[in-house]
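Asker: here is my input, please return the structure:
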Amino acid sequence: MFIDKTEYIKYHHIVYSKTVGAENLKRADIIIVLIIAAVAAAGMAVTKIAGMESGKKYVEITVEGRLYKKVELTKGYSERVKVETDHGHNIIYIHDGGVQIVESDCRDHICVDTGFIDKNGQMIVCLPHKLYVKIVSGNEKDKDEIDAVSQ
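Answerer: Here you go, the predicted model:
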């Protein structure tokens, strides 16, 4: 029952060539791949369009779970907000339609390294100081407000 080496190579080549390679894709396989790619592209386009802000944007600074300050982002507005707590201090710089933390005495400085944010839903978090800065749109309902679904 010994198999000749040339027969083994021929058999192995035939099996391998039938299972791998673009030439073995059927027309239906190509159509399925194209449909999946089209659905993925459409989903990304919808997400991009939905993410475009219309209306006003605000910066919410929250410390220890409580709203510390809310500022409307307008063109040309600039302000430095110093937040001091028992945990330490942060200096938040609001400018150019966005916000960043420019100084913090926390040990890891992840909040400073996050850099400038200007898109709705983006956040900067300083866990050691229990502080976060978030950009929200003016179209969002207040958290305390009851909407039609929950009534």
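Asker: quick one: the residue lying closest to Val133 once chain neighbours are set aside from Arg80, how far?
Answerer: Once flanking residues are discounted, Val133 sits nearest to Ile124: 4.5 Å by C-beta to C-beta, 6 or more residues apart in numbering. In short, each C-beta sits where N, CA and C put it, glycine included. Remark: distance between Ile124 and Arg80 (C-beta to C-beta, to the nearest Å) = 15 Å.
Asker: now swap in Phe116 and tell me
Answerer: To Arg80, Phe116 is 14 Å away according to C-beta to C-beta.
Asker: give me every residue that touches the spatially most central residue of the chain.
Answerer: Residue closest to the average C-alpha location in the chain (C-alpha atoms, centre = their mean): Gln122, at 7.4 Å. By C-beta atoms under 8 Å, 6 or more residues apart in numbering, the contact set of Gln122 is 134-135.
Asker: shouldn't His95 be in contact with Tyr77?
Answerer: Yes: in terms of C-beta atoms under 8 Å, His95 counts as a neighbour of Tyr77; the distance is 7.4 Å.
Asker: okay, the two: which has more neighbours?
Answerer: More neighbours surround His95 than the other of His95 and Tyr77, with 16 against 13 (other C-beta atoms under 10 Å).
Asker: tell me the bridge partners for the more buried one.
Answerer: For His95, the beta-bridge assignment (DSSP bridges) gives partners Gly98.
Asker: what's the domain layout of this structure?
Answerer: The chain resolves into domains spanning 5-51, 57-137 when parsed by automatic domain parsing.
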